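Visitor: Pasting the sequence and the predicted model now:
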Amino acid sequence: MRKSFVVMTGRHKGKTLALAKECVVIGRDPESEIRINSTEVSRKHCEVYIRGDHVIVKDLGSRNGTFLNGEAIFSEIKMLPGDTLHVGPMVFELAGKKKQVKKSASEEDVVDWLADDAPVDDADTTIVTNKEAEGMKLKNDAPLKTRAPAVSIEPIEPGTPAAEAAEVIQGFWSSKNG
């Protein structure tokens, strides 16, 4: 079966690149099979091998690194359909049918894990409205303390571990509130 990449970034986003040879070099060099004209890319940045049904990627000592699913690679590593290869400013996704990943942690485990992450420096976590506080004759002059540093929220990229965690968390809270 012929292997191919789907271009995920740049002006060629959405186009398919067939891996026509057993070894494809990605780099800035004009002789590279997949040429990326960017100073972020080494002349011979990485190689992609086809070995039987497997696609293997290998960094060639590039200056800025080669990344598989956002993690730097330092040796040959097998790619699976849906995996993303980051070379400089370009991202390629290996085309093909994605396999389902088995979830090893239960929804409760994930929620417990996330809840344990932020330390709280006070013992009272009861939330009351202003009206309820007045009825309990609570003092309103106590300074407010933030419990966590400011967080920058960015969109979650589909198919990533963060997206899977978000689904688990949403499912947990939906079952609690539903």
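Guide: It's in. Numbering: from 1, shown residues only.
Visitor: in the helix or strand hosting Leu17, what's buried?
Guide: Taking DSSP states H and E as the definition, one finds Leu17 inside strand 16-18. Neighbour-count burial for strand 16-18, counted by 16 or more other C-beta atoms under 10 Å, picks out Leu17. Glycine gets a C-beta too; all of them are placed from N, C-alpha and C.
Visitor: pLDDT on the helix ranked longest in the chain, on average?
Guide: What stands out as the longest helix in the chain, according to DSSP state H, is helix 161-177. In this model, helix 161-177 has a mean pLDDT of 82.
Visitor: quick one: the helices in this structure?
Guide: Using DSSP H, helices in the chain cover 107-115, 130-135, 161-177.
Visitor: OK, contacts around Asn64?
Guide: 40-42, 88 (C-beta atoms under 8 Å, 6 or more residues apart in numbering).
Visitor: Kindly report the same for His45.
Guide: 25-28, 32, 36, 59-60, 62, 66, 87-88.
Visitor: next one: phi and psi at it?
Guide: phi -80, psi -50 (degrees, to the nearest 10).
Visitor: begin at 3 from here
Guide: Yep, numbering from 3; the last one is His47 now.
Visitor: if I look at it, how far off is Pro160?
Guide: His47 sits 27 Å away from Pro160 when distances are taken as C-beta to C-beta, to the nearest Å.
Visitor: How about Thr11?
Guide: Distance from Thr11 to Pro160, by C-beta to C-beta: 15 Å.
Visitor: thinking again about what came up before, out of the contacts of His47, who has the most neighbours?
Guide: Within the contacts of His47, most neighbours by other C-beta atoms under 10 Å means Ile28, with 28 neighbours.
Visitor: Surely that one is in contact with Ser44?
Guide: No - if you go by C-beta atoms under 8 Å, Ile28 and Ser44 don't touch, sitting 9.5 Å apart.
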